[in-house]
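>>> using only what follows, build the 3D model:
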Amino acid sequence: MRRSGDWIHKLHPSKNELIHQVADDRDHLGFKMPHEDPANYGWGVNKYRTAYFANGKPQGLGKYKSEATGVSNVAGRSAAAMAIGYRIFKQVAGQQVFSQQCLQDAIELYDMGKKLEGYQQGNSYGAPYRYNERTWADDMEWAAAELYAATKNKSYLEDAMRYAKIIQTTSWMEMDSAVHYEMYPYVNVGHYALWKVGDAATKSTLSYYYKHNLENILNKGSRNPYGVGHLFIWCSNNLAAAVSTQALLYEKMTGDQRFSSLLQDHLNWLLGLNPWGTSMITGIPEKGEYPLDVHMPFWILNKQIVPGSLVDGPLWSSIHDRMLAIRLNEPDEFAHLQPDHIKYWDDFADYSTNEPTMDGSADLIMLFAHFYGKSASTVKAEKK
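Residues are numbered from 1 along each chain as shown. Purely as a prediction, here's the structure:
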């Protein structure tokens, strides 16, 4: 947490500035270790990279331009993280200065987001792929709720409620398809953060938003033997993890266990209960079937397995068949298991289904930590 706070602080060099992206797809020059990176942005090999400041305007230094209407998505998420950092580190001996810096950053970043409401997308240079995020009110709701928890300033609570009414049930869970990272983050954590500090009426409304999403996924999941209802767009495994996470948060909010099977079905999917019979997490289970020939340099160059990385996951065949520069380096070991409508390749040459993702892996850490803690508590209770 301290390192992530330091990183966000570094990306926020002054009151009205926030760097939302460092480098771009000019770094995509094959597999290499960090100290041997051949990327050159005009300042020499493996030296300075371009930094993109969030300014609420379309950006792009090459052929492809991003869209933008504001900065609230990146500023809001960053503010929420720093507000959480303040509450954590103010309780840690020797971290008082850092905790106050976190709070100052959170307030400044939130103000940036409030002054320029809207979204800032990621940028590409030579490829058409980028993060196409188009939501932002959920991030500002999250930031406002966390700042209220940190300061007890009622204006933040009022703001959080206003942003919650803007975003409501807006989610990829309400859609039949979505473009890459269009509805990010895949779980609106802002609803849960506001629920923790809201009154009874607010709590009821927010839990309804979650329930509405989950009922849609439950309905879709009832149409297949695996019970999963997430979309098979790029990074589909992140969406499966998001369903489990939202179902868990809903249960914490209400005590209602109606979606407990939905939580388990999507987690089971990631752990191997899927058409390919493979876990989607590198190195887990240790002696089982898991992604091996992954799209990452540690494996390609050193044959090193990095346990705990969630790979992108299967894509609808209609999308996979149109991806640029996708190929099989070796025969598909799952060829006899591939469904007609979705495809997954455990092959390093498939960056679309077999590349580890940081955000999905982080979500899984939270889920596994929850179930580990629950298991440990249960064992302790049984011993008593």
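
>>> contacts and neighbour counts: CA atoms only from here.
Fine.

>>> roughly how far apart are residue 21 and residue 60?
As judged by C-alpha to C-alpha, to the nearest Å, residue 21 and residue 60 stand 11 Å apart.

>>> which residues do these two both contact?
Overlap of the contact sets of residue 21 and residue 60 (by C-alpha atoms under 8 Å, 6 or more residues apart in numbering) consists of residue 123.

>>> distance of residue 268 from residue 217?
Distance, residue 268 to residue 217, by C-alpha to C-alpha: 15 Å.

>>> can you give me the buried ones in the helix or strand that contains residue 166?
Using DSSP states H and E, residue 166 falls within helix 154-167. Using 16 or more other C-alpha atoms under 10 Å as the test for burial, helix 154-167 gives 156, 157, 158, 159, 160, 161, 163, 164, 167.

>>> save these as TSV, and put in pLDDT too.
Listed next are the buried residues of helix 154-167 as TSV, based on pLDDT from 0 to 100:
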residue	pLDDT
156	98
157	98
158	98
159	98
160	98
161	98
163	98
164	98
167	98
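
>>> make CSV out of the residues you listed and add distance to residue 273.
Formatted as CSV, the buried residues of helix 154-167 follow (distance: C-alpha to C-alpha, whole Å):
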residue, distance to residue 273
156, 43
157, 42
158, 44
159, 42
160, 39
161, 39
163, 38
164, 35
167, 33
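
>>> for the residues you listed, which one is nearest residue 206?
When the buried residues of helix 154-167 are ranked by distance to residue 206 (C-alpha to C-alpha), residue 164 comes first, at 8.0 Å.

>>> is it true that that closest one touches residue 136?
No - using C-alpha atoms under 8 Å, residue 164 is not in contact with residue 136, being 10.8 Å away.

>>> give me the distance between the helix holding residue 166 and the centre of its chain.
Averaging C-alpha positions (C-alpha atoms, centre = their mean, to the nearest Å) puts helix 154-167 22 Å from its chain's average.

>>> list the contacts of that helix.
Helix 154-167 is contacted by residues 137-138, 140-145, 147-148, 190-191, 194, 198, 202 when judged by C-alpha under 8 Å, 6+ apart.

>>> also stretch 212-222?
Here stretch 212-222 makes contact (C-alpha under 8 Å, 6+ apart) with 169, 171, 173-174, 227-230, 243, 246-247, 259, 262.

>>> would you mark the buried spots in it?
By 16+ other C-alpha under 10 Å, the buried positions in stretch 212-222 come out as 213, 214, 215, 217, 218, 220, 221.

>>> repeat for stretch 241-256
Neighbour-count burial for stretch 241-256, counted by 16+ other C-alpha under 10 Å, picks out 241, 242, 243, 244, 245, 246, 247, 248, 249, 250, 251, 253.

>>> can you tell me which of those is nearest residue 344?
When the buried residues of stretch 241-256 are ranked by distance to residue 344 (C-alpha to C-alpha), residue 241 comes first, at 17.0 Å.

>>> and the closest one, what does it touch?
Listed by C-alpha under 8 Å, 6+ apart, the contact set of residue 241 reads 266, 267, 270, 360, 363, 364.

>>> dump the strand or helix carrying it to CSV, restricted to CA.
Remark: residue 241 resides in helix 236-254, with elements defined by DSSP H and E. Coordinates of each C-alpha in helix 236-254 appear next as CSV, following Å, rounded to 0.1, in the frame of the first residue of the first chain:
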residue,chain,number,x,y,z
SER,A,236,-13.3,-11.9,-19.7
ASN,A,237,-11.7,-13.6,-16.6
ASN,A,238,-11.6,-10.1,-15.0
LEU,A,239,-15.4,-10.0,-15.4
ALA,A,240,-15.8,-13.4,-13.9
ALA,A,241,-13.8,-12.3,-10.9
ALA,A,242,-15.9,-9.1,-10.7
VAL,A,243,-19.2,-11.1,-10.5
SER,A,244,-17.8,-13.1,-7.5
THR,A,245,-16.6,-9.8,-5.9
GLN,A,246,-19.9,-8.0,-6.3
ALA,A,247,-21.8,-11.1,-5.1
LEU,A,248,-19.6,-11.1,-2.0
LEU,A,249,-20.0,-7.4,-1.3
TYR,A,250,-23.8,-7.7,-1.7
GLU,A,251,-23.9,-10.5,0.8
LYS,A,252,-21.8,-8.4,3.2
MET,A,253,-24.2,-5.5,2.7
THR,A,254,-27.4,-7.4,3.2
